[in-house]
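In: Compute the structure for the input listed below.
(one chain, ligands or ions: 2)
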Amino acid sequence: MRGLSKAYDDAPAVQGLNLEMKDKEFVVLLGPSGCGKTTTLRCVAGLETPDDGEIYIGDRLVNDLDSKERNVAMVFQSYALYPHMTAYKNMAFPLENAKVPEGEIVRRVNEVAVLLQIEGLLGRKPSQLSGGQRQRVALGRAIVREPQVFLMDEPLSNLDAKLRVHMRAELKKLQKVLGVTTIYVTHDQVEAMTMADRVALLHKGVLQQYDGPRKLYSHPSNQFAAGFVGSPPINLIECDLVDGSLLDAADFSVPLPDQFAEACGRNSTTKLVLGVRPQDIHVSTVEPTETGCIPAEIYTTEPLGDSTILDVKVGDKLLKAIAAAAFEGDAGLKVWIRFVAERTHLFDRSSGEAIA
Ligand SMILES: Nc1ncnc2c1ncn2[C@@H]1O[C@H](COP(=O)(O)OP(=O)(O)OP(=O)(O)O)[C@@H](O)[C@H]1O
Ligand SMILES: [Mg+2]
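Out: Residues are numbered from 1 along each chain as shown. Ligands and ions are numbered 1, 2, ... in the order given. Next up is the predicted model:
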């Protein structure tokens, strides 16, 4: 996509989107509700006409091609199966429309049914299938067409949490087996992180970052990206750079982490936001001997079984930290916290852009 833009009634839904995908890549469009994910996907599918920009599939400029001629298959959140047709017929229907010979249809549908483990369900109608089975039939219908690109719009969102986790692993595996370039839309950051080769993070129709999941997490390009990815969300703390070497957050101060020294030297701005993930705050109930620890107190604890989420109070600020499952400490307990300096993030407070 080159400079893709689309507005509805003068309200921009997608703005100047540049996005290149590699052959066979699994790219996830991620972002909050209304950020333009579905609009982007519909433009690629040919269901929506962009106001501006170009869409290429391989070497083909497809802007002026009809949806049918684009060789893409879309899977919708609602599955959109025909209720009066059997699972078999639902999958065969697009092929019949495309005048594929009968023998070929039988072969392809059965092959895909085996792949999706729905061989035994082909005679049933959608109402006789569970949500997960329906979802497989909808996927099957896309796969039998052997398209050049899969477009998937939140295909797992109607499934219960457990089945969703199961299906996301299966879908990821399947995509690699089939080797079909896929654009997958979700607002669920965990789904995006676990499934994607690369994540395109959108906010208000504008691309924020386009990177692999690890990079997106470890090097968010701005405050929005830092806040959207990671659970519990990153702690964002307003602070001022003092004497070029100290971050003063009013309730406490910490030395400027080394990785920002050079950029802060170049940059004249001193109004900053420090980002620290809960995973990168160490909490101790005994006073550590090392310097740089910040006195705090326990506000609440939330045991998760494998770990415990702590809300710690530093002055007027509440920070989230993750401690071991065995951590015990009632509200009011005095503790000391320490940030893992090399994994902290720093943003310009006015632009929100990452420093360094
Ligand atoms: N047909 C339409 N007419 C008018 N406005 C629309 C139309 N379709 C989408 N929009 C608007 O365009 C913006 C982007 O919508 P879009 O459906 O692409 O968001 P999304 O990222 O898919 O959100 P969600 O996660 O809720 O599905 C929204 O502000 C939405 O209200
Ligand atoms: Mg949508």
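
In: what helix or strand is T39 on?
Out: Here T39, judged by DSSP states H and E, is contained in helix 37-45.

In: Now do that helix: everything it contacts.
Out: With contacts defined as CB atoms under 8 Å, 6 or more residues apart in numbering, helix 37-45 is touched by 1, 4, 6, 13-14, 17, 29-31, 48-50, 55, 57, 67, 70, 72, 74, 149, 151, 153, 183, 185-187, 202, 205. (Glycine included, C-beta is placed from N, CA and C.)

In: can you pull the contacts of the closest residue to V314 other than its chain neighbours?
Out: Spatial nearest neighbour of V314, chain neighbours left out: A296 (4.5 Å); criterion: CB to CB, 6 or more residues apart in numbering. Counting by CB under 8 Å, 6+ apart, A296 touches V283, V312, K313, V314, L319, K334, V335, W336, I337.

In: rerun at 10 Å
Out: Residues near A296 by CB atoms under 10 Å, 6 or more residues apart in numbering: 251-252, 281, 283, 310, 312-315, 317-319, 321, 333-337.

In: Okay, and the beta partners of it?
Out: V335 (DSSP bridges).

In: measure it to ligand 1 for me?
Out: 37 Å (CB to the nearest ligand atom, to the nearest Å).

In: if we can go back for a sec, which of the contacts of helix 37-45 are buried, as a PyMOL select command?
Out: Buried residues among the contacts of helix 37-45 (16 or more other CB atoms under 10 Å), as a PyMOL selection:
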select buried, resi 1+4+6+13+14+17+29+30+31+48+50+55+57+70+72+74+149+151+153+183+185+186+187+202+205
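
In: from the contacts of helix 37-45, which are also near ligand 1?
Out: Applying CB under 6 Å from any ligand atom to these, one finds that A13, G31, H187 fall near ligand 1.

In: that older thread, which of the contacts of A296 fall within strands?
Out: 281, 283, 310, 312-314, 317-319, 321, 334-337 (DSSP state E).

In: Tell me the first helix or strand C-terminal of the longest helix along the chain.
Out: Criterion DSSP state H: the longest helix present in the chain is helix 161-178. Following helix 161-178 in sequence order, the next helix or strand is strand 181-186 (DSSP H and E).

In: and the residue of the stretch 251-356 of the chain found nearest ligand 1, how many neighbours?
Out: As assessed by CB to the nearest ligand atom, ligand 1 sits closest to G352 within the stretch 251-356 of the chain, at 20.0 Å. By the other CB atoms under 10 Å criterion, the neighbourhood of G352 contains 16 residues.

In: my guess is it meets K271, correct?
Out: No: look at G352 against K271 with CB atoms under 10 Å: they stay out of range, at 11.5 Å.

In: just to revisit the earlier point, list buried residues within the contacts of A296.
Out: Here, 16+ other CB under 10 Å leaves 252, 281, 283, 310, 312-314, 319, 321, 333, 335-337 buried among the contacts of A296.

In: Contacts only, for the closest residue in space to P94 that isn't next to it in sequence.
Out: Nearest in space to P94, with sequence neighbours left out and distances taken as CB to CB, 6+ apart, is R145 at 5.5 Å. Residues near R145 by CB under 10 Å, 6+ apart: N71, V72, A73, M91, P94, L95, N97, A98, V100, R108, V112.

In: Next: A87.
Out: When contacts are counted by CB under 10 Å, 6+ apart, A87 touches 81, 109, 113, 118, 120-126, 128-129, 133-134, 136-138, 140-141.

In: buried subset of those residues?
Out: Neighbour counting by 16+ other CB under 10 Å classes 81, 109, 113, 118, 121-122, 124, 126, 129, 133-134, 136-138, 140-141 among the contacts of A87 as buried.

In: And those residues, which is closest to ligand 1?
Out: Of all these, A138 has the smallest distance to ligand 1: 17.3 Å, by CB to the nearest ligand atom.

In: Tell me the helices and strands packed up against the host helix or strand of that closest one.
Out: Element membership of A138, judged by DSSP H and E, is helix 131-143. Under the contact definition 3 or more CB pairs under 10 Å, 6 or more residues apart in numbering; DSSP states H and E, helix 131-143 sits against strand 72-75, helix 87-97, helix 102-115, strand 149-153, helix 161-178.
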